[in-house]
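[1] my questions are about this predicted structure, shown below with the sequence.
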Amino acid sequence: MQQTITISVITITYNAATVLQRTLDSVAHQTYQHIEHLIIDGASKDDTLAIAHRYAEGKNYPVVIQSEPDKGIYDAMNKGMAKATGDYLVFLNAGDVFHADDTLQTVCQTIALQTAGNTSAPLPAVVYGDTAIVDEQGHFLRLRRLRPPHQLSWRSFRWGMLVCHQSFYARTDVAQQHHYNLQYRHSADVDWCIRLMKDAEKRHLPIVNSHQILSDFMDGGNTTQHHRASLRERFTVMRNHYGFVSTLLCHLWFVIRAVIKK
């Protein structure tokens, strides 16, 4: 008998009243309802919590709201990950939305196909997909410039973060072994994804492409606002995983590519 997959959707908020509702609506409109929704708030001073509590009323899936001061977004993401009880987890932060109403259904169908006909087949460590960039009204602007490869591995990220965390569904028992490193202020998500995929390789767990757009990402996120600091930090992350020479050569290619495109 096929296992019913539960997904923990984790939403990080801080003074997010202007953008939170679209995220909550996106979760509520999912056709797949075997979920829990964890809203981890950093002690917001606006109407964020009031919006979250109104949303939680009458839902037919668990909604957990926690609000307390934190040490930044990655500390909050660690708190959400620790609370997750689903088979898989995904971070859908305030302002982000699922690409379609059947996105979670698509992810679970991808998992089911991976294990169909083989009850001893391990559940994938990661299911991933593409990301659309949207404006503040949710209108499609373009696909994300960095596109997911046909087959993702931890080595893929030497060319940049080819899959963003909104389209990166991690098996919860694997993910909870790898906390976000709080020494990184802008690129801990890159480091976390690489470490998780390294672990998947060691455990011989598949990393599976859904071949679908899984999330819409609002233009102008944290790394966009802190672009230069993010690039410096990302170089450090990549150097630690891939070595200095390999990282330097990749970044030289990034510069050449940018010049060519001009």
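    On my side now, so go ahead.
[2] all helices of the stretch 101-250 of the chain, in order?
    103-115, 172-175, 188-203, 222-225, 227-242, 244-261 (DSSP state H, counting those that start in this stretch).
[3] which stretches of the stretch 1-150 of the chain have low pLDDT?
    1-2 (pLDDT under 70).
[4] hey, which strand is longest across the chain?
    Ranked by number of residues, the top strand in the chain under DSSP state E is strand 207-218.
[5] please name the residues that touch the most centrally placed residue in the chain.
    Nearest to the mean C-alpha position of the chain, by C-alpha atoms, centre = their mean, lies residue 165 at 2.2 Å. Going by C-beta atoms under 8 Å, 6 or more residues apart in numbering, residue 165 touches 90, 91, 189, 192, 193. Just so you know, the C-beta spots here come from the backbone N, C-alpha and C atoms, and that holds for glycine as well.
[6] how about JSON lines for those, with distance to residue 150 and neighbour count added?
    Output for these, formatted as JSON lines (distance: C-beta to C-beta, whole Å; neighbours: other C-beta atoms under 10 Å):
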{"residue": "90", "distance to residue 150": "21", "neighbour count": "27"}
{"residue": "91", "distance to residue 150": "24", "neighbour count": "26"}
{"residue": "189", "distance to residue 150": "22", "neighbour count": "22"}
{"residue": "192", "distance to residue 150": "23", "neighbour count": "25"}
{"residue": "193", "distance to residue 150": "17", "neighbour count": "25"}
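[7] so where do the strands sit in the stretch 51-200 of the chain?
    63-67, 88-91, 97-98, 126-134, 140-143, 168-171 (DSSP state E, counting those that start in this stretch).
[8] okay, these in CSV with distance to residue 106 next?
    Below are the strands of the stretch 51-200 of the chain laid out as CSV (distance: least, C-beta to C-beta, whole Å):
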stretch, distance to residue 106
strand 63-67, 22
strand 88-91, 12
strand 97-98, 9
strand 126-134, 8
strand 140-143, 17
strand 168-171, 10
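[9] so which of those strands is nearest residue 74?
    The closest of the strands of the stretch 51-200 of the chain to residue 74 is strand 88-91. By C-beta to C-beta, the value is 10.4 Å.
[10] looking at the helices of the stretch 101-250 of the chain, which is closest to residue 37?
    Residue 37 lies closest to helix 103-115 among those, at 11.2 Å (C-beta to C-beta).
[11] what comes into contact with the closest one?
    Helix 103-115 is contacted from outside by 2, 5, 7, 30-32, 34-35, 88, 98, 100, 121-124, 127, 129, 169, 206, 208, 210, 212, 214-215, using C-beta under 8 Å, 6+ apart.
[12] buried among the residues you listed? Make that a PyMOL selection.
    Restricted to buried positions by 16 or more other C-beta atoms under 10 Å, the PyMOL selection for the contacts of helix 103-115 reads:
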select buried, resi 5+7+30+32+35+88+98+100+123+124+127+129+169+206+208+210+212+214+215
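[13] what is the burial count for the residue nearest to residue 132 when sequence neighbours are not counted?
    Of all residues not flanking residue 132 in the chain, residue 216 sits nearest, at 4.9 Å (C-beta to C-beta, 6 or more residues apart in numbering). Residue 216 is flanked by 26 other residues according to other C-beta atoms under 10 Å.
[14] next up, the contacts around residue 216.
    Residue 216 neighbours (C-beta under 8 Å, 6+ apart): 96, 97, 98, 99, 131, 132, 133, 134, 138, 140.
[15] format those residues as CSV; extra columns: distance to residue 156.
    Below are those laid out as CSV (distance: C-beta to C-beta, whole Å):
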residue, distance to residue 156
96, 22
97, 25
98, 23
99, 21
131, 15
132, 20
133, 20
134, 24
138, 29
140, 25
